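>>> Here is a sequence together with a model predicted from it:
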Amino acid sequence: MKEKLNREMRRVTLKQLRALEAVVKTGSLSGAAQEMHVTPPAIALQIRQLEAAAGMPLFQRTGQGLRTTDGGREMLSTAALIHDALAECGEALETLRGMDGGRVSVGVVSTAKYFAPRAIAAFAKTHPKVEMQLHIGNRAEMIEALRNYDLDLAITSRPPEDFEVESAEFGDHPHIIIGPPDHRLARRRRIAFADLAMETFLLRENGSGTRHLMQQLFSEAGLNPNRGMEIGSNETIKQSVMAGLGIALISAHTVCAEIQDGRLVPFDVRGLPMVRRWYVVKRKDKRLLPAAHAVWDFLASSGARYLPEAPRLKRPRRKRT
């Protein structure tokens, strides 16, 4: 019985509740019809349907007109709650339509975590009422989240190709090969890829954009370098290179401090740095609300300001003649 009543109540419509309110307000079906600009039979039908859903009469006829029963008053109270909820929803939607609020979900590939938080913080300072959500993971994870509509935007250096997206380029993304300062190649100039074939390379995990780029580079060179440990973060790769466990292809934006401090050395490899691009990306079929659109515009126009300055290779001084 309870399940049947719940099922019936889920079929109640706003039109029926408005008819109920109009009858209570005017005291008659004809008055409610005039209030709602419909015919009295139309009002009577809405009330009958509402009473059928409730399983009890909602009005009692008296000499002074229609009066609500206990069931009618309960329905009237529920109608008021629904109207309040709809009003609150309208206010929330108005906030989302404007720039005074809203929530924006941004996915950041792990390599971009060295600059993306500063860019997002700069946006947040001028839009303090916008709630920012930052999600960090490897490229495969962020692209999957974008595909599933879990993100408004993503920052990546390689937009997806298996579903339609819109992307805006905002800066260079150089990649270099690094090693410890005492490595035999640390002071060599114009190193050929063939000279790296016997070196042990530390790898990012499957799904990483950096690993994909490394495989692409060596495939184009016709080489298959020694593969060392698979490591799931740039920070651990840097520490492992310092410890002498191998060398690595890595984003130059992730090693600026270590190269400046002399803890790592960028190798002078012919053809490097390999320069890709940073993009802000969204699904083509996703309509951005104003707050998310403002983040898009900010990253597209100003994102390059927050990129770390890529380390420059030191060249030997020319001898004076």
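Received the coordinates, thanks. Residues are numbered from 1 along each chain as shown.

>>> Locate Glu230 within the secondary structure: which element?
Using DSSP states H and E, Glu230 sits in strand 226-231.

>>> and if you look at Gly72?
helix 70-97.

>>> Neighbouring strands - and their directions - for whichever helix or strand comes after that helix?
Going down the chain from helix 70-97, the next helix or strand is strand 103-109, by DSSP H and E. The pairing partners recorded for strand 103-109 under DSSP bridges are strand 131-137 (parallel), strand 153-156 (parallel).

>>> what does the shortest one rub up against?
When contacts are defined by CB atoms under 8 Å, 6 or more residues apart in numbering, strand 153-156 is touched by residues 104-109, 112, 116, 139, 142-143, 145-146, 209, 278-282, 288, 292, 295-296, 299, 303. (C-beta placed from N, C-alpha, C; glycine too.)

>>> which other helices and strands contact the helix holding Gly72?
helix 14-26, helix 40-54, helix 290-302 (3 or more CB pairs under 8 Å, 6 or more residues apart in numbering; DSSP states H and E).

>>> Include mean neighbour count and mean pLDDT when you put those into TSV, please.
Compiled in TSV, these are given as follows (neighbours: other CB atoms under 10 Å; pLDDT from 0 to 100):
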stretch	mean neighbour count	mean pLDDT
helix 14-26	19	90
helix 40-54	17	90
helix 290-302	18	94
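
>>> just to revisit the earlier point, can you select the buried ones from the contacts of strand 153-156 in ChimeraX?
The following ChimeraX line selects those of the contacts of strand 153-156 that are buried, judged by 16 or more other CB atoms under 10 Å:
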select :104,105,106,107,108,109,112,116,139,142,143,145,146,209,278,279,280,281,282,288,292,295,296,299,303
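
>>> re earlier: what angle do helix 40-54 and the helix holding Gly72 make with each other?
Note on geometry: by axes from the mean of the first three to the mean of the last three CA atoms, to 10 degrees, helix 70-97 and helix 40-54 are set 100 degrees apart in direction.

>>> Can you spell out which helices and strands pack onto the strand holding Glu230?
Taking 3+ CB pairs under 8 Å, 6+ apart as contact, the helices and strands that strand 226-231 lies on are strand 200-204, helix 234-242.

>>> which other residues reach that strand?
Contacts for strand 226-231 (CB under 8 Å, 6+ apart): 197-206, 237, 240, 245-246.

>>> got the contact list for Lys15?
Gln46.

>>> in the chain, what secondary structure element scores lowest on mean pLDDT?
Within the chain, confidence by mean pLDDT, DSSP states H and E is lowest for helix 2-9 among all helices and strands, at a mean of 71.

>>> Show me the longest strand that occurs in this structure.
Across the chain, the longest stretch assigned as strand under DSSP state E is strand 165-179.

>>> Each with direction, which strands does it pair with?
Checking strand 165-179 against DSSP bridges gives partners strand 248-251 (antiparallel), strand 265-266 (antiparallel), strand 274-283 (antiparallel).

>>> Reformat these as JSON lines; add mean pLDDT.
Output for the strands paired with strand 165-179, formatted as JSON lines (pLDDT from 0 to 100):
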{"stretch": "strand 248-251", "mean pLDDT": "94"}
{"stretch": "strand 265-266", "mean pLDDT": "96"}
{"stretch": "strand 274-283", "mean pLDDT": "95"}
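
>>> will you turn these into JSON lines that also has distance to Arg227?
Formatted as JSON lines, the strands paired with strand 165-179 follow (distance: least, CB to CB, whole Å):
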{"stretch": "strand 248-251", "distance to Arg227": "11"}
{"stretch": "strand 265-266", "distance to Arg227": "21"}
{"stretch": "strand 274-283", "distance to Arg227": "19"}
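
>>> Out of the ones you listed, the one nearest Leu134 is which?
Of all the strands paired with strand 165-179, strand 274-283 sits nearest to Leu134, with 13.5 Å by CB to CB.

>>> and the strands paired with strand 103-109, which is most packed in?
strand 153-156 (a mean of 25; mean count of other CB atoms under 10 Å).

>>> The residue lying closest to Asn224 once chain neighbours are set aside is in what secondary structure piece?
Using CB to CB, 6 or more residues apart in numbering and skipping residues adjacent in sequence, the residue nearest Asn224 is Phe218, 6.7 Å away. For Phe218, the host element (DSSP H and E) is helix 209-220.

>>> ok, the residue nearest to Asn224 touching Pro225?
Yes: using CB atoms under 8 Å, Phe218 makes contact with Pro225 at a distance of 5.7 Å.

>>> of these two, who's got more company?
Between Phe218 and Pro225, counted using other CB atoms under 10 Å, the more crowded position is Pro225 (21 against 17).
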